[in-house]
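Novice: no letters, just coordinates:
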């Protein structure tokens, strides 16, 4: 029976499952009161063939994607999400400690994506002052993150 199903399915594990299910259904049918099976092998083949058809109908509806070690999952892992939240919190803390004008220039440029000219117009600062505040903000962030990394990262183990 396994060869009969295997020629139609061409997947040994699916073939085995179908044959097992066919035998279970045959036994369940024979166990019913008043059920008479004149030709058990023929009935078993018919049940198996119906299960093969059911298998192909189901597989046609459900697309199967093979899992691969080389395809990365686009969703960050829980650890990555925690690290990202901790980094965001650290940057927010560093920004809070900056002088108000430096923080405003940095947020306008890096968070809101404003050009230097737009920041100059919005704040009334000169373009060199905007550049100076941006440079100082980046240095402040860099030094603070470097200090955190030296002591072992955002969370002490």
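Specialist: The structure has been received and is ready for your questions. On a predicted model such as this, the values are computed, not experimentally measured, just so you know.
Novice: separation between the spatially most central residue of the chain and residue 135?
Specialist: Residue closest to the average C-alpha location in the chain (CA atoms, centre = their mean): residue 75, at 3.3 Å. Taking CB to CB, to the nearest Å as the measure, residue 75 and residue 135 are separated by 36 Å. C-beta: built from backbone N, CA, C; applies to glycine.
Novice: what segments of this structure are helices?
Specialist: Assigned by DSSP state H, the helices in the chain fall at 2-9, 12-31, 40-61, 78-97, 100-106, 116-123, 127-150.
Novice: most tightly packed of those?
Specialist: Comparing the helices of the chain by mean neighbour count (mean count of other CB atoms under 10 Å), helix 100-106 comes out on top with a mean of 17.
Novice: for it, the distance to its chain's centre please.
Specialist: 36 Å (CA atoms, centre = their mean, to the nearest Å).
Novice: confidence score at residue 155?
Specialist: Residue 155 carries a pLDDT value of 51.
Novice: let me fix that, I meant to ask about residue 138.
Specialist: Taking residue 138 on its own, its pLDDT is 91.
Novice: pass me the low-pLDDT residue ranges in this structure, would you?
Specialist: For the chain, the stretches with pLDDT under 70 are 62-65, 71, 153-157.
Novice: domains for this structure, by residue range?
Specialist: According to automatic domain parsing, the chain comprises the domains 2-61, 78-150.
Novice: reformat those domains as CSV; add distance to residue 68.
Specialist: Output for the domains of the chain, formatted as CSV (distance: least, CB to CB, whole Å):
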stretch, distance to residue 68
domain 2-61, 19
domain 78-150, 20
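Novice: so residue 144 makes contact with residue 92?
Specialist: No - Residue 144 lies out of contact with residue 92 (CB atoms under 8 Å); the separation is 11.5 Å.
Novice: tell me how far residue 35 lies from residue 105.
Specialist: In this structure, residue 35 lies at 85 Å from residue 105, with CB to CB as the measure.
Novice: excluding its backbone neighbours, what's nearest residue 117?
Specialist: residue 127 (7.5 Å; CB to CB, 6 or more residues apart in numbering).
Novice: quick one: contacts for the closest residue to residue 48 other than its chain neighbours?
Specialist: Excluding its sequence neighbours, the residue lying closest to residue 48 (CB to CB, 6+ apart) is residue 22, at 4.3 Å. Contacts for residue 22 (CB atoms under 8 Å, 6 or more residues apart in numbering) come out as 1, 5, 44, 47-48, 51.
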